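Asker: here is my input; please provide its structure:
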Amino acid sequence: MRKNFIIAIFVLVSSVAMAQEKCFWVFFTDKNDTQFDPYSYFDAKAIARYEQCGADLYDISNYPLNEMYVNSVGSYSTEVFGESRWLNAIGIEATDDNAALIARLPFVARVQEIVSEGSTASIGYDLSEVLNEDTVGILTDQLIRFGGQHFIDHGIDGKGLRICVMDGGFPKVDTHPAFKHLRDNHQILMTYNFPNKKENVYGWNTHGTMVLSCIAGINAEGQKLGLATGAEFLLARTEIEPEPFKEEVWWAQGAEWADKNGADIINSSLGYGKDRHWTRDMDGTSYVAKAANKAVEKGILVCNSAGNEGDDRRWKTIITPADAENVLCVGGIDDDLERYNHIDFSSYGPSADKRLKPNVVAFGHAAVANPSNGKFTDAYGTSFSSPLTAGFCACAWQTMRDKTALEMKAEIEKSADLYPYFDYAFGYGVPQAAYFTNELKPAERSFNLVQEKDGVRITVPKIVEGQYMFINVEGADGVLLGYYKAAPDSTGIILKNKDLGEGKKLNVSYNGYYDSCPISGMGGDISLDANTRRLWGQDGTFPTIKEEGWQKSTFFQYDYNLYTDTWNGFNRHFAFGRRWMYGKTYKIGMGLGLDWNRYVAKGQIPDALEVADRTTIMRNMQLRGELMQRVVIRLWGINWDLGVYGGINALRRVRVIDNVEWQDADGNATKPYSNKVTTFYNHAKAMNLFEYGATTRVSYNIANLVNVGVYASYRLSPVITKDDFLIGTKANNPSPWNFGIEIEFAP
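Answerer: Numbering: from 1, shown residues only. Presented below is the predicted three-dimensional model:
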């Protein structure tokens with residue numbers, strides 16, 4: 001029976017992993033026999049945008065999918081949950097077996113499992129009941145940082161621009177006072193809920209409501225939360241909280257819907273990254289990145305959050321579609337007008353193929369509408385950097401309506417306060433409204449680069465209080481070898497030739513002024529003086545992008561053996577060890593642990609003694625291995641692992657205490673009460689040498705550093721190995737069930 005049970009466990013693991021419904025992209029070979037009339041399909045504003053940017057209305061990417069192809073694939077699928085004209089593909093749910101059959105259809109180019117998990121780019125928010133004094137300051141500061149008053153003074157509010165916001169829901173946007181002006185002026189033109197295939201988006205995830213408020217919200221005091229209060233809006237729900245696989249398809253659909261309905265700008269505070277992808281995939285080639293680039297080709301400016309992985313030691317880049325070449329990737333900085341600090345969680349660039357990302361930055365801590373109570377709060381995440389920038393972009397584009405989306409992306413970068421300096425924390429810096437109102441004052445020279453015999457000296461004649469100097473060393477291929485933030489003093493900063501290699505370039509920005517010079521030398525790491533703060537890594541060098549492979553971790557466990565009538569409640573299990581996991585979608589690994597078990601049993605000894613009570617204390621050290629598989633069921637970041645374990649019980653010690661009172665037939669004591677203690681060490685009869693069983697674990701990742709969860713195990717092997725030992729029969733073994741908690745730390 002036990003043998004059949006453990007076989008069943010393996011079958012369960014295999015069946016869950018291999019036979020469950022999965023999500024796939026199915027790409028078709030062509031669009032034969034399809035018809036398309038752009039003038040009946042597109043909104044008039046979309047047609048005008050196509051004509052203005054020179055895009056082709058009759059491009060094959062705009063044609064519908066072949067309906068026969070879709071229906072044929074649908075017959076093999078559990079669900080066809082989305083279609084993409086641009087990619088000539090559909091998203092389906094199917095088993096592996098049916099996916100293999102679909103791949104053999106003559107009109108199917110390829111079938112690919114969707115292996116990226118979507119998540120909103122916010123790391124959290126504080127739903128305050130009322131505005132506090134600090135939040136009121138942020139209301140002004142998040143626009144002051146852009147120089148937004150220049151737009152306000154010129155009456156520039158994004159009027160004439162149409163913005164599509166793609167998110168997980170927009171609860172209370174139809175009632176919240178922050179959006180009253182949008183409702184009164186009919187500025188919300190269309191909505192669509194792609195997961196539910198209906199128009200209602202005013203529910204579900206509160207994230208979208210907060211994001212929209214950073215583009216066009218107005219608070220109770222009449223202060224702007226975002227700059228584009230005059231723009232028109234399309235609201236698309238493309239995300240659902242527990243579904244990790246379908247969202248990339250819905251994102252592509254949302255972009256096509258935005259294109260069809262005349263959007264000029266898409267804000268996407270969404271991302272797909274570390275849970276399923278490798279960092280090497282963040283090179284602009286994901287299908288959602290291809291859809292984003294296609295949107296830009298058709299004249300839409302796409303703003304996307306860089307992601308919140310800046311403090312994750314295992315993920316050293318941005319997320320997709322922010323990695324797309326033509327997407328304006330927006331990182332985060334602290335909400336401080338005096339200091340220029342990267343906010344800890346904001347993802348660093350570059351892209352996996354070493355292109356500049358992020359492109360620009362904005363506050364990663366913002367004042368937002370609170371959908372739970374109709375008031376306002378503050379929130380953290382590059383989710384809010386991106387919409388703040390999207391609102392800025394609408395106002396900027398209002399001043400340059402003859403520009404294409406790609407040209408506007410370049411103009412936004414040029415307007416940033418560090419341009420043409422860049423690095424992988426700040427990009428080109430924070431865009432400035434004065435650039436677009438022709439009020440940007442040229443920066444005065446604030447430092448000198450002096451070539452000396454031993455290197456390059458950066459001299460600063462006049463120190464500006466609170467101003468940092470930004471320095472990078474650029475290789476011949478344009479990739480940064482290191483970048484730094486310095487607090488200069490009158491002695492300046494020296495970069496020595498011996499620390500610098502041939503063909504490199506030094507770029508410096510300070511107090512709005514930029515300069516650069518070639519540098520050469522013997523090669524090696526960069527050496528700066530003590531008052532320079534390195535922004536990345538321990539040695540300032542370009543970080544190596546981690547590829548897939550074995551991931552190790554340390555774990556600690558504590559559990560409790562279920563109570564039975566025979567065994568009392570002192571049965572504890574402690575363990576610690578290491579695991580090595582391979583992969584992301586399915587994780588198989590080994591863990592080695594050191595266990596300490598203690599059992600206590602009470603009961604009647606054999607009938608040879610008239611009255612007896614026996615206490616048995618069992619202790620052992622156990623070396624245990626496990627084989628676990630990550631099952632693809634993920635709800636709100638929860639992981640489920642299922643597998644088997646096996647261990648060797650070493651240093652076994654069993655102590656048996658018999659408390660005996662001999663009596664005659666009348667119940668009178670015939671001998672005095674006696675106590676007998678028997679101790680067994682590593683005795684085969686006392687405790688089984690081997691232990692094995694099934695185990696499962698449910699855990700939640702906190703801050704990308706630790707998994708906290710609960711687990712259970714079912715022991716298949718007996719603890720007691722002899723019928724006549726301890727309580728009398730093997731049936732009196734301790735309960736096979738153990739339940740406990742586990743903490744697992746990343747390296």
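Asker: K552 reaches G577, doesn't it?
Answerer: No: contact criterion CB atoms under 8 Å: K552 and G577 do not qualify, at 10.9 Å. (Glycine included, C-beta is placed from N, CA and C.)
Asker: so between those two, which is more surrounded?
Answerer: Neighbour count, other CB atoms under 10 Å: between K552 and G577, G577 has more, with 19 against 11.
Asker: shouldn't the more buried one be within a helix?
Answerer: No: under DSSP: H, G, I helix; E, B strand; the rest coil, G577 sits outside any helix and is assigned strand.
Asker: return the residues in contact with it.
Answerer: 554-555, 591-594, 624 (CB atoms under 8 Å, 6 or more residues apart in numbering).
Asker: switch to 10 Å and redo it
Answerer: 553-557, 590-595, 623-626 (CB atoms under 10 Å, 6 or more residues apart in numbering).
Asker: now list the buried members of the residues you listed.
Answerer: 553, 555, 557, 591, 593, 595, 624, 626 (16 or more other CB atoms under 10 Å).
Asker: kindly state the pLDDT recorded for the nearest residue to the fourth one once chain neighbours are set aside?
Answerer: Same thing as G591. Take G591 and drop its neighbours on the chain: the residue closest to it by CB to CB, 6 or more residues apart in numbering is R579, 4.1 Å away. On pLDDT, R579 comes in at 83.
Asker: what about the helices in the chain?
Answerer: Using DSSP state H, the helices found in the chain span residues 2-19, 38-41, 44-53, 67-74, 96-103, 133-144, 149-153, 180-184, 207-216, 247-260, 287-297, 382-398, 405-415.
Asker: of all the buried ones among the contacts of G577, which two lie farthest apart?
Answerer: S553 and D595 (18.1 Å; CB to CB).
Asker: quick check: which ranges of the stretch 251-400 of the chain have low pLDDT?
Answerer: Applying pLDDT under 70 to the stretch 251-400 of the chain flags the ranges 275-276, 313.
Asker: cutoff 90 now
Answerer: 271-281, 309-317, 338-339 (pLDDT under 90).
Asker: who are the contact partners of R49?
Answerer: Neighbours of R49 in contact, by CB under 10 Å, 6+ apart: 42-43, 55, 162, 259, 262-264, 298-300, 404-405.
Asker: which one of those has the most neighbours?
Answerer: A263 (34 neighbours).
Asker: how close does the closest residue to it other than its chain neighbours sit to Y50?
Answerer: Once flanking residues are discounted, A263 sits nearest to C164: 4.0 Å by CB to CB, 6+ apart. According to CB to CB, to the nearest Å, C164 and Y50 sit 16 Å apart.
Asker: cool, and C395?
Answerer: Applying CB to CB to C395 and Y50 gives a distance of 23 Å.
Asker: which one of those two has more residues nearby?
Answerer: C395 (28 against 21).
Asker: quick one: contacts for that one?
Answerer: Counted by CB under 10 Å, 6+ apart, C395 has contacts 146, 148, 150-152, 154, 156-159, 161, 226-231, 433, 436-437.
Asker: output stretch 255-274 as CSV, restricted to C-alpha atoms.
Answerer: Only the C-alpha atoms of stretch 255-274 are listed here, as CSV (Å, rounded to 0.1, in the frame of the first residue of the first chain):
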residue,chain,number,x,y,z
ALA,A,255,-2.1,48.4,-27.3
GLU,A,256,-3.9,47.5,-30.5
TRP,A,257,-7.2,48.8,-29.0
ALA,A,258,-5.4,52.1,-28.1
ASP,A,259,-4.1,52.4,-31.7
LYS,A,260,-7.6,51.7,-33.1
ASN,A,261,-9.2,54.4,-30.9
GLY,A,262,-6.7,57.2,-31.5
ALA,A,263,-4.4,57.1,-28.6
ASP,A,264,-1.3,59.3,-28.8
ILE,A,265,0.3,58.0,-25.5
ILE,A,266,0.2,54.7,-23.7
ASN,A,267,1.0,54.5,-20.0
SER,A,268,1.9,51.1,-18.8
SER,A,269,2.8,50.8,-15.1
LEU,A,270,3.1,47.1,-15.7
GLY,A,271,5.9,44.7,-16.2
TYR,A,272,6.9,41.1,-16.9
GLY,A,273,10.1,39.9,-15.6
LYS,A,274,11.9,37.9,-12.9
